[in-house]
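> generate a structure from the sequence data that follows.
(one chain, ligands or ions: 1)
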Amino acid sequence: MPQDPSSKLDWFDAATRRLRSVAEGLKAPENQELEEVKSRTLIVVRTRWILLLFVGLYCLLAGSFFYFSRFGFFLSPSQQVLLFAALSAVVSYNLLLQFGIERIACCFRFLNFLQIILDLVLVTVLIHTSGGAASWFWPVYLIVTIEAAFLIEERRDVWFVGLCGGALYGEILSLEYFGLVPNVRMPFVEQKLHHDPLYLVLTWLWVSLLNAAMVAIASYLMTVIRRETVAVRDGEERLSTFLDTANDLILSISPDGRVLYVNEAWQRTLGYSAEEAAAVSFFDIIHPSSREQCCSEFKRVFSGDALGPLEAVFTAKDGRLVIVEGNLTCSDSSGDSPVIWSICRDITDRKHAEEQLYRLAHHDTLTGLPNRILFMDRLQQAKALANRYQHQVAILFLDLDRFKIINDTLGHPIGDRLLQQVAHRIVGCVREVDTVARIGGDEFTIILVNVDNPEDVKKMGQKILKTLAAPFLIDTYELFVTTSIGVSLYPTDGESLDHLVKKADIAMYYAKGEGRNNVQFYSPRMDENADKRLLLETSLRKALDNREFRVYYQPKVDIVTKKITAMEALIRWEHPLLGLVSPGEFIPLAEETGLIIPIGEWVLRAACMQNRQWLRQGLPQMRVAVNLSGYQFQQKNLLETIRGILGETGLSADLLELEITESVIMQNPDFAVSVLNQLRDLGVHISIDDFGTGYSSLAHLKRFSVNTLKIDKSFVRDVEINSADAAITTAIIAMGNSLNLKVIAEGVETEGQLSFLSDNNCDEVQGYLFSTPMPADKVAGFMREYGGMVEAG
Ligand SMILES: Nc1nc2c(ncn2[C@@H]2O[C@@H]3COP(=O)(O)O[C@H]4[C@@H](O)[C@H](n5cnc6c(=O)[nH]c(N)nc65)O[C@@H]4COP(=O)(O)O[C@H]3[C@H]2O)c(=O)[nH]1
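I've put the predicted structure just below:
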């Protein structure tokens, strides 16, 4: 049944009031009784001050009146001394009790009796000095009896005190009656009165009976009060037990932050005892991160606002952070002493679990980087900030080149560690405000914020390429990784975040097509490329079955003799719709899809068969050079495949040349050494293709069993005009010579390039200057024609 919220509040208010009284009354059980006696004694001390004040005041006034009246002052000096002594005695022990109560706590029972007896004596002296039987002070006996009932628990003792009062009164009356003590001569009072037994007995009886009645009434009332006190205390104890056995953390604080009460769960969780908690300020326990919020919530709750559940962080005694969730309520918010009650739960574990879940949901478990979800979220924020501050945002899409090879050949644990190290290096390249995320196997994305100039993005991309170029040392492996980076810019390349990521992805594929290890900015023309890529990808799967591949051949020429030493097999794809597709476009695609293995095997077989056929046709003996993709190079059965094809086609191993790019070899040099050794044992000729673009050093080269270094055409192209390219080319030639390796330059198009290479002792050349790649059936004609030219030359 739904509860009325106001009744809930009433209940809570009552409970908090109760809790407050518990908080104030909560002390160690063994001290409780003593504390009660002490507090009762102090009450009596205070009431005695009041009584003394009034009695003193009255005596002063009465004395003054008499002094200036026709009667004059009636107390003799000895009586004045007696009164003064009695009053001084009472004032002294009252002072003693007031200020020395802590030190005399051990003998309270005795002291209580003593002070009551002394009070009785004072009253008796007062009665005597104020006229004895005619004194108006006899009702003070009744007050002392009430005091006795209040201080002394045993009813028998209270009766005893009451009797003492009556007895002392009777005593003083009799002493005065028999003249053993001189009467104080009171004005208005007949002297005979002190000698009238009937009057004295009746007065005594009246005072004694009233005293007895007072004993009975006061004892009864005190019994009732005590019973109720016990009931209240029992209730409080039950409540306190309930509070202490509660799992919730309960705390009450004063407006100035004093801790008034903490339950056991609170003490256990935060490590403070109740006394320690009472000694510190609540604002010291609150962690700085929550302090401001707590202070403002306090203000609101003091002003009577009802608050919803709150979260705060406490600092435990040992420095741990404890996160709590709960409610704040103010008891007596409009009164003089408002108290805040907080009932809360320790949700630290839950929070950590939530954080963990959040981390798992938003981070990549392998690298700890944000995952796609968090990346998109950050991108959204970056976009908002860019709009606000009129900046640009750059999205970089990175894909590691040929990562699959490492994963497949060295196993996933090595691949995973490589990814971790790559992630670490990329993070080291960007600013703190930027975001690096891992959104797929070997795909990373970066958000660069506050971009003013796309040139800066380019520099950043190149910095990443450079950082990743240094070898990765994992276990005993030295791995080389390159990456292709695509970039899109917000708002230049569009508004939609998904499209921006897609465009960076398209640019990344474009970078792959451009020979990998480079940075490309998205441009709309790349969309065509992406569409074409999709078309190529779907038709590539059927191309082998449909016999759409062709092999073209390009001669390699000895620079001195001008003789053709080899024919390089270069694949072509005759696409039914797109026409002749160059290998630069579809080889990366074939590598990604794994189709490179059957395609590469097909080229190898076709080239070997073709060489065999040329031999049969009577063409001069020459090698056929076949490009080996990185994926083929890592294949475990590579040796068997080559051996099988050589056996199948009947081609001698020394007439086969394999071209492996420098970057493939350098990706995992140790592995490359063992494969190259096996290939050398097989007897095939080995060339390192695209030499100069990778990162091999002389030390590496010495370990590789290769025959030829093939200088990349990018150096050859400008060898005549670019001194750096010329220097690299001559350095490669010199390095090859010193290692007894043949050096061939590819992409030779001009006589100038040829003479430069010749002057620098390059061994062989290849390029359009001699021939473009040609179909196999054109080779015989070319050879005849070329042979004639060489002879003639
Ligand atoms: N500008 C210029 N270019 C010249 C000149 N002489 C030759 N070329 C071109 O340079 C490329 C040389 O081959 P590559 O470096 O092995 O580079 C090759 C090779 O890495 C790869 N490739 C070709 N066929 C195969 C194959 O059967 N298997 C594998 N795995 N890769 C292949 O595709 C790349 C491109 O092949 P192609 O388009 O045939 O392009 C060839 C060739 O046509 C010249 O004087 N000037």
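
> find the centremost residue of the chain, please.
Nearest to the mean C-alpha position of the chain, counting by C-alpha atoms, centre = their mean, stands residue 355 at 7.0 Å.

> buried ones in the helix or strand encompassing it?
If you go by DSSP states H and E, residue 355 is part of helix 348-362. Buried residues in helix 348-362, counting neighbours by 16 or more other C-beta atoms under 10 Å, are found at 348, 351, 362. (Each C-beta comes from the backbone N, C-alpha and C, glycine too.)

> which other residues reach that helix?
With contact meaning C-beta atoms under 8 Å, 6 or more residues apart in numbering, helix 348-362 is reached by 321-323, 370-371, 373-374, 377.

> repeat the analysis, applying 6 Å as the threshold.
Residues outside helix 348-362 that contact it (C-beta atoms under 6 Å, 6 or more residues apart in numbering): 322-323, 373-374.

> out of these, which is nearest to residue 398?
Nearest to residue 398 out of the contacts of helix 348-362 is residue 374 (C-beta to C-beta; 16.9 Å).

> tell me the spacing between that closest one and the ligand.
From residue 374 across to the ligand, the span is 38 Å (C-beta to the nearest ligand atom, to the nearest Å).

> go on, residue 193?
From residue 193 to the ligand the distance is 142 Å (C-beta to the nearest ligand atom).

> give me every residue that touches that residue.
133-134, 199.

> filter these down to the buried ones.
If we count by 16+ other C-beta under 10 Å, these have these buried: 133-134, 199.

> so for the helix or strand residue 284 falls within, what gets flagged as buried?
Counting by DSSP H and E, the element that carries residue 284 is helix 282-285. Within helix 282-285, the residues that count as buried by 16+ other C-beta under 10 Å are 282, 285.

> do the same with stretch 179-186
For stretch 179-186, by 16+ other C-beta under 10 Å, it's 183-184, 186.

> same thing with stretch 678-685?
Quick answer for stretch 678-685 (16+ other C-beta under 10 Å): 679, 682, 684-685.

> low-confidence ranges in this structure?
Low-confidence segments of the chain (pLDDT under 70): 1-32, 105-106, 332-336, 788, 791-793.

> returning to that earlier point: how about the buried residues of stretch 678-685, which pair is most distant?
682 and 685 (10.4 Å).

> report how many residues lie close to residue 122.
24 (other C-beta atoms under 10 Å).

> that one contacts residue 86, correct?
Yes - with contact defined as C-beta atoms under 6 Å, residue 122 counts as touching residue 86 (4.8 Å).

> contacts only, for the closest residue to the ligand within the stretch 651-793 of the chain.
Residue nearest to the ligand within the stretch 651-793 of the chain: residue 767 (3.2 Å; C-beta to the nearest ligand atom). Residues in contact with residue 767, defined by C-beta under 6 Å, 6+ apart, are 747-749.

> next one: residue 401
Counting by C-beta under 6 Å, 6+ apart, residue 401 has contacts 482, 484, 516.

> list phi and psi for it.
phi -80, psi 130 (degrees, to the nearest 10).

> now residue 657
phi -120, psi 140.

> do you know how far residue 779 is from residue 573?
Counting by C-beta to C-beta, to the nearest Å, the gap from residue 779 to residue 573 is 20 Å.

> can you verify residue 398 is assigned to a strand?
Yes - under DSSP: H, G, I helix; E, B strand; the rest coil, residue 398 falls within a strand.

> so it sits against residue 487, correct?
No - look at residue 398 against residue 487 with C-beta under 6 Å: they stay out of range, at 10.0 Å.

> contacts for stretch 556-574, please.
548-555, 580-581, 583, 586, 603, 607, 622-626, 657, 758, 762, 764-766, 770, 773, 790.

> which of those are buried?
If we count by 16+ other C-beta under 10 Å, the contacts of stretch 556-574 have these buried: 548-549, 551-555, 581, 583, 586, 603, 607, 622-626, 657, 762, 764-766, 770, 773.

> inside strands: which ones of those residues?
Per DSSP state E, strands hold the following members of these: 549, 551-555, 581, 623-626, 657, 764-765.

> show me what the host helix or strand of residue 710 pairs with in its sheet, parallel or antiparallel.
According to DSSP H and E, residue 710 maps onto strand 708-711. Within its sheet, and counting by DSSP bridges, strand 708-711 is paired with strand 685-691 (parallel), strand 742-745 (parallel).

> the closest residue to residue 187 other than its chain neighbours and residue 257, how far apart?
Nearest residue to residue 187, sequence neighbours excluded (C-beta to C-beta, 6 or more residues apart in numbering): residue 71, at 3.9 Å. Distance, residue 71 to residue 257, by C-beta to C-beta: 64 Å.
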